[in-house]
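Asks: Here is my input, please return the structure:
(one chain, ligands or ions: 1)
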Amino acid sequence: MPWPAASALLAPLAPWFEAVRRDLPWRAPDLDAPHPDPYAVLVSELMLQQTQVATVVPYFIRWMARFPTIRALAEADEDTVHKAWEGLGYYRRARFLKAAASRIAAEGWPGDLEGLTDLPGLGPYTGAAVGSIAFQWPAPALDGNAFRVLARLLLIEGDPKARAAELRGWLVPALEAHGPSRMTQALMELGATVCAPTPACGGCPLADRCRARQADRTGEIPPVARRTPPKASALWLLALEAEGHLLLQAPAAKGLLAGLWRWPTLDAETVPATPGAPSLIAWPGWTQVYTHRRESVSPLFLRVEARFTAADGLRWIPRDELSALPLGKRDQRLRDLIATPGQRPLEAPDPAVLTRACAAPSA
Ligand code: SF4
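Replies: Numbers count the residues shown, from 1 in each chain. This is a model prediction of the structure:
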């Protein structure tokens with residue numbers, strides 16, 4: 001069945017959004033004008049990738065106080081930027097944001113969607129979101145929430161992402177008719193709050209025209225993608241101190257935890273636990289969950305007498321400088337633990353094994 005015209009079908013979204021919209025620190029009051037601060041839109045959209053609104057709000061406020069302009073961010077050093085992002089996860093976004101700010105500071109804002117999409121870390125979805133919300137360009141932004149709403153509304157079989165180009169073309173007249181910023185945010189809001197994976201159709205402004213609802217198929221549209229189970233691992237997470245210094249892994253340039261300082265880790269499968277040594281302190285472990293992996297983490301603290309030549313990539317950091325370094329969530333937990341009293345471990349690796357693992361191979 002052909003799709004009805006988007007501008008008429010989606011018309012109830014505009015008054016619904018006016019009534020329910022939340023007052024968010026990056027949201028402009030006037031949804032018909034270009035946003036007074038496109039940089040605020042850029043920051044919010046990068047932060048909102050993979051993170052809930054409630055978590056983002058305090059980070060956004062602190063970020064804008066710390067880096068109030070594109071230029072302030074472009075001129076900041078990487079450790080400061082990562083430190084401001086600490087706890088928000090997916091740290092690539094912080095590096096992308098800084099790289100995008102550097103390009104905009106040097107060349108100005110791109111004048112079209114292609115230029116925005118081409119900025120580091122943006123891509124088709126975020127480029128369109130910034131284009132429509134910051135500049136009022138009729139660029140449809142389709143994230144997972146928007147795809148779910150449209151799949152149900154139009155009764156699209158299979159993965160709606162496969163029809164992304166068609167859906168974008170179909171949406172353009174609706175953005176032109178009702179305002180790009182308003183429609184983009186309304187569609188996102190509906191997907192986030194009403195047309196959630198389990199939809200609350202009773203409160204939906206599109207309920208009278210939703211084909212999935214009419215066909216009683218909201219539970220199966222769109223189909224849920226099967227995820228590969230995360231890889232499991234177990235590790236010792238070690239804070240090793242000597243002469244008022246702590247041993248940390250310097251940030252990697254690439255990968256999941258790029259830009260972040262880390263505690264040394266040892267594979268718990270290959271480094272066995274023995275009856276606890278008195279020089280070690282341990283705390284109860286926890287499971288750290290990442291997108292594709294689950295780590296069973298056992299935190300340890302060991303103080304040795306003298307600093308030794310550390311293995312490649314490890315650095316001795318003065319203890320009072322630790323709080324200024326950007327650490328990921330897992331490593332922040334051990335940083336917090338070493339400031340609290342621990343307990344003697346019943347079972348932990350031999351301290352000599354831990355120290356050897358962190359030392360440079362002897363010549
Ligand atoms: S009626 Fe239900 S399934 Fe359809 S768009 Fe609204 S919330 Fe989603």
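Asks: From now on I want contacts and neighbour counts done on CA atoms only, so please keep to that.
Replies: Will do.
Asks: what's the first-to-last distance across stretch 196-211?
Replies: 16 Å (Cα to Cα, to the nearest Å).
Asks: quick one: is it near the ligand?
Replies: Yes. Against the ligand, stretch 196-211 shows contacts by Cα under 6 Å from any ligand atom at P199, A200, C201, C204, L206, A207, C210.
Asks: distance of the fourth one from H245?
Replies: Right, C204. 58 Å.
Asks: And A74, which helix or strand is it part of?
Replies: helix 70-75 (DSSP states H and E).
Asks: mind checking how far that helix is from the chain centre?
Replies: 21 Å (Cα atoms, centre = their mean, to the nearest Å).
Asks: what about P361, how many residues close to it?
Replies: Number of residues near P361 (other Cα atoms under 10 Å) recorded here: 11.
Asks: Just to be sure, it is in a helix?
Replies: No. According to DSSP: H, G, I helix; E, B strand; the rest coil, P361 belongs to no helix; its state is coil.
Asks: mind listing what it touches?
Replies: A311 (Cα atoms under 8 Å, 6 or more residues apart in numbering).
Asks: follow-up on the earlier one: please work out which residues outside the helix holding A74 touch it.
Replies: Y39, F67, V81, K98, A99, A101, S102, I104, A105.
Asks: contacting residues for the first one?
Replies: When contacts are counted by Cα under 8 Å, 6+ apart, Y39 touches T69, I70.
Asks: interface residues of this protein facing the ligand?
Replies: Going by Cα under 6 Å from any ligand atom, the residues of the chain near the ligand are 149, 152-153, 194-195, 199-201, 204, 206-207, 210, 213, 218.
Asks: change it to 8 Å
Replies: Neighbours of the ligand within the chain, by Cα under 8 Å from any ligand atom: 148-150, 152-153, 190-191, 194-196, 199-213, 218.
Asks: Tell me how far P4 lies from Y39.
Replies: From P4 to Y39 the distance is 36 Å (Cα to Cα).
Asks: try D312
Replies: D312 is 39 Å from Y39, by Cα to Cα.
Asks: Can you give me the pLDDT of the residue of the stretch 1-150 of the chain found nearest the ligand?
Replies: Nearest residue of the stretch 1-150 of the chain to the ligand, counting by Cα to the nearest ligand atom: V149, 5.1 Å away. What the model reports for V149 is a pLDDT of 98.
Asks: cool, the one 3 residues further on as well?
Replies: In the predicted model, R152 carries a pLDDT score of 98.
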